[in-house]
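> Got a predicted structure here, sequence first:
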Amino acid sequence: MDRILLLFWSLAVVCSSFTVVMCDTEVTREFLDALREIESVGAGGVCAVGDFGQSLGAYQIMKAYHTDAVQQNPDLSAGGKTYTDVWGEGSVDYSEEVIRAYMCRYATEARLGRPPTYEDMARIHNGGPNGFSSDRTRNYWLNFQFAMRSIERRGTKEPPVLDSDKCKPRCESGQCCRRDDRGQYRCFCLEAIDRAGIRHIEKPCEDCPVAGIDLMFVLDSSGSIGSGNFQLMREFVANITTILDIGPADSQVGVIAFSDSARVEFNLSSNENFILSAIDAIPYIAGGTNTADALNLVLTQGFLGARPTEGIPRVVIVVTDGISNDATATAAAAQAVHATGLTVFAAGIGGADMEELNAIASSPEFVQFIGSFDTEELQRLQEALSEEACRASIEPDIEVGFERSLGRGRKAFFEYQVPEPGFTMEVEVTKGSISICGSREIERPDCSYSPTYDWKRDITISTEVYINGDGLLDGSVTKKKRQAALDVNATRVYVTVEGLENNNTFSLNTAFGDTTSGSKEVPIIVASVTGGVAVLMLLLVVICASIARRTKPGCKTPPPI
């Protein structure tokens, strides 16, 4: 009897640790091998990105597919797993569990009225819940049968060999090692192209590529935090600081704390030792949650010593665990901060109000939330905010110029709202050399990887280049086709400047309209020796009539089959 009770107790413990998904649909190894051969063998394997960034990994899984699978089996989201875990090294097992859950949801006898077959499952994988009866999935089933026969004749075809050993250090799980345009093997990561996280592109993974930011932390020191949790917040701020390159030509950090009122704990500083000591000395205050006062202080005193004229982003990270004393005043203060061009991230912990966090942040995608001061959750929050801060861009007004210095491999990111007459960008290199690239769709394009940009040029001290009005330097047919198939927002241009030598200095100026010399019908590229400095004239002209010719109102690109 005791043994029986022990057995039941053991089963109860095991069952309580995961969600049991009852399913009669069998997803066999044979089925998965054929599916994988169709989807990705010879096309990138676990590193494959297809359907304009909408399908990922060895089985080319879409986000909606993953969402449905998680609803069927919530354990698929355990341990922080997300949609992008179907891509990269170590992703196959997880992807196959996603497929099993999806088939348990849609390829069932109860739903089909008969036991599901390989044909049903293959066509559902390709065409969604009703794919088993769609004419659009018939060819996929023919391809599946061909893959089955091929595997039967010659055995399972080996997936593409990954270049894992060529990246030093070796890439982590969820990354892919591959060669960039400069011939260097690097670890690549996924980055979402759209705000909904449906489409992705692969980019070289970078710890903190931005050349410098002016970062102000705004910390909730109210009574609901508690002294123990406030110490965790100090450590949290210190950890993010150590990720940045701190220095006069790099990043600066400052801190404001608030409770009943707000005060500057220390202004922006480029001395890392001072910053870390000052963070450790921030006192816990207790009291109310006067978030509005803190945001107003950001405006008046938070960015003394900031460097917007040098094209350096100004970033605010607000960390709070509760609801402010006056939500209306907080929202008004946040709007005033946004109007000055500051980038604001809002991090909520525990009892923070999501509506208020959205009001504080520059946009909803700049909001992060965790349920408690749990160490693992704080680590996740730290990583998310560090990544965002390290990719901060600046959105200069037209006719506002500045001068920047960049070290080798360091980057500056810019985002331009294109006016109706277009604008001209002039970059003058006075020391070293730079690479500059731009995209009408991909934020923070990487100048070492061509799928992320529409145009690029490496600039030295003896080159003058003129660009025609479509914003494309290379006139790439592939790029034009890719963008014609996508909903490209042609009113924005994203630009990256990267230093190519140890020390590089450039100035960047812009002007409305076409201020380049000569006719607008100039060649795509005209180069000449100047003998002194390098001047890059980038004419980015976006005209409504041109957009209207290319895109019919009310029309949408049909989804890929």
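Cool, got the structure. This structure is a prediction, so every number in the text was calculated from the model and none was measured.
> How about residues contacting stretch 178-193?
47, 49, 53, 56, 84, 87-88, 163, 166-167, 171-172, 174-177, 198-205, 441-443, 446, 448-450 (Cβ atoms under 8 Å, 6 or more residues apart in numbering). No exception for glycine: its C-beta is placed from N, CA and C like everyone else's.
> Just the buried ones from those residues, in ChimeraX syntax?
The buried residues among these can be selected in ChimeraX (16 or more other Cβ atoms under 10 Å) with this line:
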select :47,49,53,56,84,87,88,167,171,174,175,176,177,199,200,201,202,203,204,205,441,442,443,446,448,449,450
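> just checking, which of the contacts of stretch 178-193 belong to strands?
Using DSSP state E, 49, 56, 176-177, 200-204 are the members of these that sit in strands.
> Closest one to Gln417 out of these, please.
Nearest to Gln417 among the ones in strands among the contacts of stretch 178-193 is Ile201, at 22.2 Å by Cβ to Cβ.
> bridging residues for the closest one?
Glu191 (DSSP bridges).
> In terms of pLDDT, where does it sit?
With respect to pLDDT, Ile201 scores 90.
> any chance you could read off phi and psi for the closest residue to Lys166 other than its chain neighbours?
Leaving aside its chain neighbours, Lys166 sits nearest to Tyr185 (4.1 Å; criterion: Cβ to Cβ, 6 or more residues apart in numbering). Note on Tyr185: its backbone torsions stand at phi -80, psi 130 [degrees, to the nearest 10].
> swap in Ser362?
Torsion angles, degrees, to the nearest 10, at Ser362: phi -60, psi -30.
> Please apply the same query to the one 10 residues further on.
Dihedral angles phi and psi of Ser372 (degrees, to the nearest 10) take the values phi -160, psi -180.
> Gly322 now?
Here is the backbone geometry of Gly322 (degrees, to the nearest 10): phi -150, psi -170.
> Quickly note the distance from it to Thr330.
Distance of Gly322 to Thr330, computed by Cβ to Cβ, to the nearest Å: 12 Å.
> residue closest to the middle of the protein?
By Cα atoms, centre = their mean, the chain has its centre lying nearest to Glu191, at 4.0 Å.
> if I look at it, how far off is Ser393?
Taking Cβ to Cβ, one finds Glu191 at 14 Å from Ser393.
> Let's see the helix or strand hosting Thr510 as CSV, backbone CA atoms only.
Using DSSP states H and E, Thr510 sits within strand 503-512. Taking Å, rounded to 0.1, in the frame of the first residue of the first chain, the C-alpha atoms of strand 503-512 are listed here in CSV:
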residue,chain,number,x,y,z
ASN,A,503,40.2,56.9,-35.2
ASN,A,504,37.6,58.4,-37.5
THR,A,505,36.0,61.8,-37.6
PHE,A,506,33.2,63.0,-39.9
SER,A,507,30.7,65.8,-40.1
LEU,A,508,27.1,65.3,-41.2
ASN,A,509,24.9,68.0,-42.6
THR,A,510,21.5,67.9,-44.3
ALA,A,511,19.4,70.3,-46.5
PHE,A,512,15.9,70.3,-47.9
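> helices or strands up against that strand?
Judged by 3 or more Cβ pairs under 8 Å, 6 or more residues apart in numbering; DSSP states H and E, the packing partners of strand 503-512 are strand 402-407, strand 423-431.
> Report the rounded mean pLDDT for that strand.
Strand 503-512 comes out at a mean pLDDT of 86.
> For stretch 302-312, buried residues please.
302-303, 306-308, 310-312.
> how long is that stretch end to end?
Length of stretch 302-312, first residue to last, Cα to Cα, to the nearest Å: 15 Å.
> starting at the chain centroid, how far to that stretch?
From the chain centre to the centre of stretch 302-312 is a distance of 25 Å (Cα atoms, centre = their mean, to the nearest Å).
> Read off the pLDDT value for the residue nearest to the centre of the chain.
87.
> repeat for the one 3 residues further on
Asp194 is assigned a predicted lDDT (pLDDT) of 77.
> Surely it forms part of a helix?
No. Read with DSSP: H, G, I helix; E, B strand; the rest coil, Asp194 is coil and lies in no helix.
> burial count for it?
Using other Cβ atoms under 10 Å, Asp194 has 13 neighbouring residues.
> do the same with Cys187
With other Cβ under 10 Å as criterion, Cys187 counts 21.
> Validate this expectation: it resides in a helix.
No. The assignment for Cys187, made by three-state DSSP, is strand rather than a helix.
> wait, what's in contact with the closest residue to it other than its chain neighbours?
The spatially closest residue to Cys187, leaving aside those adjacent along the chain, is Cys171, at 3.9 Å (Cβ to Cβ, 6+ apart). By Cβ under 8 Å, 6+ apart, the contact set of Cys171 is 88-89, 164, 177, 187-188, 205.
> Same check on Val49?
Val49 makes contact with 55-56, 87, 190, 200-202 under the criterion Cβ under 8 Å, 6+ apart.
> what about 10 Å?
Val49 is in contact with 40, 43, 55-57, 60, 87, 176, 188, 190, 199-202, 451, counting by Cβ atoms under 10 Å, 6 or more residues apart in numbering.
> where does the protein have low pLDDT?
Along the chain, segments meeting pLDDT under 70 span 1-22, 42-43, 155-163, 461-490, 516-561.
> gap between the residue nearest to the centre of the chain and Cys104?
To Cys104, Glu191 is 31 Å away according to Cβ to Cβ.
> just Val86 next, same as before
On the measure of Cβ to Cβ, Val86 and Cys104 end up 17 Å apart.
> So these two - more neighbours on which side?
Taking neighbours as other Cβ under 10 Å, Val86 and Cys104 compare with Val86 leading, 31 against 18.
> I figured the more buried one hits Val70, correct?
No. Between Val86 and Val70 there is no contact, the gap being 11.5 Å when judged by Cβ atoms under 10 Å.
> hey, what's in contact with both of those two?
Residues touching both Val86 and Val70 (Cβ under 10 Å, 6+ apart) are 76, 98.
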